[in-house]
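Visitor: Using only what follows, build the 3D model:
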Amino acid sequence: MERISGIKRYADVICRKSYIYFKDLKQRVKERIVRSTEGMGTIEVILIIAVLVALALIFRTFIGNVSSKIFNKIQEKTDSAIDDL
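Guide: A predicted model of the protein is given here:
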């Protein structure tokens, strides 16, 4: 009987220490997350790239048409400049 009560006391002590440790750990993690700003630059860059990719996908045909018109004008001007030589 005494051995069981000793085991119970030992288990109780371990449980209390574990509870206190994890309670403190939870608080430390919260504080570290709130104070930490190390990843903010990376997250901002990723969000900006995601928005730019989304806009490019949405306006894909418009961007393609405008770029082809620009390259056609460049080609025309280049051809006329070469013909004038």
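Visitor: Where do the domain boundaries of the protein fall?
Guide: Per automatic domain parsing, the domain ranges recorded for the chain read 1-36, 38-85.
Visitor: If I look at the residue positioned nearest the centre of the chain, what pLDDT would I see?
Guide: Central residue of the chain (C-alpha atoms, centre = their mean): Ile43, 4.2 Å from the mean position. Note for Ile43: predicted pLDDT of 80.
Visitor: contacting residues for it?
Guide: Under the criterion of C-beta atoms under 8 Å, 6 or more residues apart in numbering, Ile43 has no neighbours. For every residue, glycine as well, the C-beta is placed using N, CA and C.
Visitor: For it, grab phi and psi.
Guide: When read as degrees, to the nearest 10, the backbone of Ile43 gives phi -60, psi -40.
Visitor: Distance from stretch 74-84 to the middle of the chain?
Guide: Averaging C-alpha positions (C-alpha atoms, centre = their mean, to the nearest Å) puts stretch 74-84 47 Å from its chain's average.
Visitor: now for the lengthiest helix in the chain, which elements pack on it?
Guide: For the chain, the helix with the greatest residue count under DSSP state H is helix 2-35. Here helix 2-35 touches no other helix or strand, going by 3 or more C-beta pairs under 8 Å, 6 or more residues apart in numbering; DSSP states H and E.
Visitor: For that helix, what does the pLDDT average out to?
Guide: Mean predicted lDDT for helix 2-35 stands at 74.
Visitor: do you know how far Leu47 is from Leu57?
Guide: 16 Å (C-beta to C-beta, to the nearest Å).
Visitor: Thr78 now?
Guide: Counting by C-beta to C-beta, the gap from Thr78 to Leu57 is 31 Å.
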